[in-house]
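Colleague: what follows is a predicted structure for the sequence shown.
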Amino acid sequence: MKLTFGNMTTELNILNIQTCLQNSNNDDIELDMANVVLDVTLFKIALCQLSVTSEKNQNLARADNLIKVAAENGARLVVLPEMWNCPYSKDFFAKFAEDFDKEDASPTFSMLSRAAAFHGITIVGGSVPEWSNGHLYNTCCVFGADGKLKAKHRKIHLFDIEIPGEISFKESEIFAAGDKPTIVDTEIGRVGVGICHDIRFPELAMLYGAKGAHIICYPGAFNMSTGELIWELMQRIRAADNQLFVATCSPSRDSSCFYPIWGHSTLVGPFGGITVSSGHEETLVIAEIDYSQIELQRKNLPLEKQMLGDIYQFVDKHNEEQTP
Ligand SMILES: NC(=O)CCC(=O)C(=O)O
């Protein structure tokens with residue numbers, strides 16, 4: 001296992017999150033603005049590109065250890081991959097699923113919560129199969145630095161693909177789809193969450209951008225057929241269009257399994273440039289995020305002001321439905 005480092009500096013900037021979020025409209029999503037103080041605009045993020053086995057305990061131990069190494073290397077935000085406690089296979093999803101409402105009976109939930117509190121870091125907990133009310137979801141839990149669950153994102157766009165002779169996979173045959181965007185205030189800023197195939201839908205990223213997200217995290221497990229062509233491209237365009245950071249985290253590749261994974265966990269900055277990206281092997285990627293880059297990019301190129309709402313309009317359906 002190796003460590004991959006992006007550019008590093010050590011300066012710390014202080015900013016009150018309330019000033020930079022004044023203009024965002026969050027009626028539909030419960031964000032407790034009163035209690036959020038963003039005390040860093042410069043911090044380290046860690047992307048844990050884990051190798052996943054068919055032994056759940058082994059996967060949990062590996063993740064626990066990589067989170068520890070990340071924290072010891074100064075990471076304040078740790079992101080895990082899509083399906084990191086369970087092989088990405090229909091044969092395993094139901095068997096490995098846990099019910100997060102029964103926290104004590106959920107080893108995955110307990111480990112992430114304990115690790116976040118112990119190290120005092122924010123964890124975007126990748127995704128794992130979740131049982132809830134008789135349905136199976138592909139779910140990402142976000143934990144705050146106090147170890148408390150801050151948000152739960154259920155994959156909205158299930159991955160159904162059929163490329164004859166290449167790949168056939170239908171998540172919708174086993175998972176139920178989530179029905180909500182997820183944007184959450186954490187110690188390291190406002191985070192939008194999507195899971196893998198969710199990245200293909202620009203409207204979700206636009207929604208997060210419009211609601212003041214600093215960063216969108218996409219745990220993902222792209223495949224070999226589409227990964228090379230589109231994975232990096234989509235991360236860069238989501239970041240550049242919305243002028244924010246995009247972080248992705250994938251499991252590492254096991255070429256012998258039914259669904260070999262593309263890998264390439266990446267951090268992209270608000271200019272659309274890649275800060276750091278991994279290969280496909282197991283690795284811990286550590287890089288620095290500097291939110292002043294968001295401000296700079298928006299000042300230099302004020303896309304929001306240049307947008308022509310009378311010619312085309314972005315409709316926030318979720319907000320409309322929630323507004324009485
Ligand atoms: N796990 C996924 O959602 C994979 C998405 C993917 O590979 C794609 O091409 O989209």
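Modeller: Sure thing, it's come through.
Colleague: could you pull out the helices for the chain?
Modeller: 17-21, 56-72, 93-96, 107-119, 202-210, 224-242, 292-300, 303-306, 317-322 (DSSP state H).
Colleague: those: lowest mean pLDDT?
Modeller: Ranked by mean pLDDT, those bottom out at helix 17-21, which scores a mean of 24.
Colleague: please report how far the nearest residue to Gly194 once chain neighbours are set aside lies from Arg154.
Modeller: Leaving out its chain neighbours, the residue that sits closest to Gly194 by CB to CB, 6 or more residues apart in numbering is Tyr218, at 4.7 Å. (C-beta placed from N, C-alpha, C; glycine too.) Counting by CB to CB, to the nearest Å, the gap from Tyr218 to Arg154 is 14 Å.
Colleague: now do Ile167
Modeller: 24 Å.
Colleague: how about Asn242?
Modeller: To Arg154, Asn242 is 22 Å away according to CB to CB.
Colleague: same thing with Gly189?
Modeller: 22 Å.
Colleague: report the contact partners of the residue lying closest to Ile216 once chain neighbours are set aside.
Modeller: Closest residue to Ile216 apart from its sequence neighbours, by CB to CB, 6+ apart: Gly192 at 4.2 Å. Applying CB atoms under 8 Å, 6 or more residues apart in numbering, we find Gly192 in contact with 181-183, 204-205, 207-209, 211, 213, 215-217.
Colleague: beta partners for Gly192?
Modeller: For Gly192, the beta-bridge partners under DSSP bridges are Ile183, Ile216.
Colleague: quick check: pLDDT value at it.
Modeller: pLDDT, Gly192: 98.
Colleague: grab the nearest non-local neighbour of Met206.
Modeller: Per CB to CB, 6+ apart, closest to Met206 is Phe314, 5.7 Å.
Colleague: Asp99 and Ser132 touch, don't they?
Modeller: Yes - if you go by CB atoms under 8 Å, Asp99 and Ser132 touch, sitting 6.5 Å apart.
Colleague: which one's more surrounded, those two?
Modeller: Ser132 (16 against 13; other CB atoms under 10 Å).
Colleague: so what sits opposite the more buried one in the bridge?
Modeller: Under the criterion used (DSSP bridges), Ser132 bridges to His135.
Colleague: what's the burial count for the residue nearest to Gly194?
Modeller: Using other CB under 10 Å, Tyr218 has 31 other residues around it.
Colleague: residue contacts, it?
Modeller: Applying CB under 8 Å, 6+ apart, the residues contacting Tyr218 are Val193, Gly194, Ile195, Cys196, Asp198, Ile199, Gln235, Val246, Ala247, Thr248, Cys249.
Colleague: quick check: the residue nearest to the third one when sequence neighbours are not counted vs Pro87, distance?
Modeller: The reference is to Ile195. Distance criterion CB to CB, 6+ apart; nearest residue to Ile195, sequence neighbours excluded, is Lys155 at 4.0 Å. Lys155 sits 17 Å away from Pro87 when distances are taken as CB to CB.
Colleague: of the two, which one has the most company?
Modeller: Neighbour totals were compared for Lys155 and Pro87, and Lys155 leads with 24 against 21 (other CB under 10 Å).
Colleague: isn't that one right up against Ile174?
Modeller: No - with contact defined as CB under 8 Å, Lys155 does not reach Ile174; the gap is 11.7 Å.
Colleague: where's Glu55 relative to Asp99, distance?
Modeller: On the measure of CB to CB, Glu55 and Asp99 end up 21 Å apart.
Colleague: now do the contacts for the spatially closest residue to Asp101 that is not a sequence neighbour.
Modeller: Closest residue to Asp101 apart from its sequence neighbours, by CB to CB, 6+ apart: Ser132 at 7.0 Å. Residues counted as contacts of Ser132 (CB under 8 Å, 6+ apart) are Asp99, Phe100, Asp101.
Colleague: from these, which single one is nearest the ligand?
Modeller: Looking at the contacts of Ser132 and their distance to the ligand, the nearest is Phe100, at 20.2 Å (CB to the nearest ligand atom).
Colleague: contacts only, for the closest one.
Modeller: By CB under 8 Å, 6+ apart, the residues touching Phe100 are Ser106, Phe109, Glu130, Ser132, Thr139, Cys141, Leu149, Lys152.
Colleague: now do the same for it: its pLDDT.
Modeller: Phe100 carries a pLDDT value of 93.
Colleague: Gly189 and Arg154 - which one has more neighbours?
Modeller: More crowded of Gly189 and Arg154, by other CB under 10 Å: Gly189, with 27 against 21.
Colleague: if I look at that one, how far off is Arg62?
Modeller: Gly189 is 27 Å from Arg62, by CB to CB.
Colleague: tally of neighbours for the residue nearest to Ala205 when sequence neighbours are not counted?
Modeller: Distances taken as CB to CB, 6+ apart place Arg238 nearest to Ala205, at 4.3 Å, with adjacent residues excluded. Neighbours of Arg238 under the rule other CB under 10 Å: 27.
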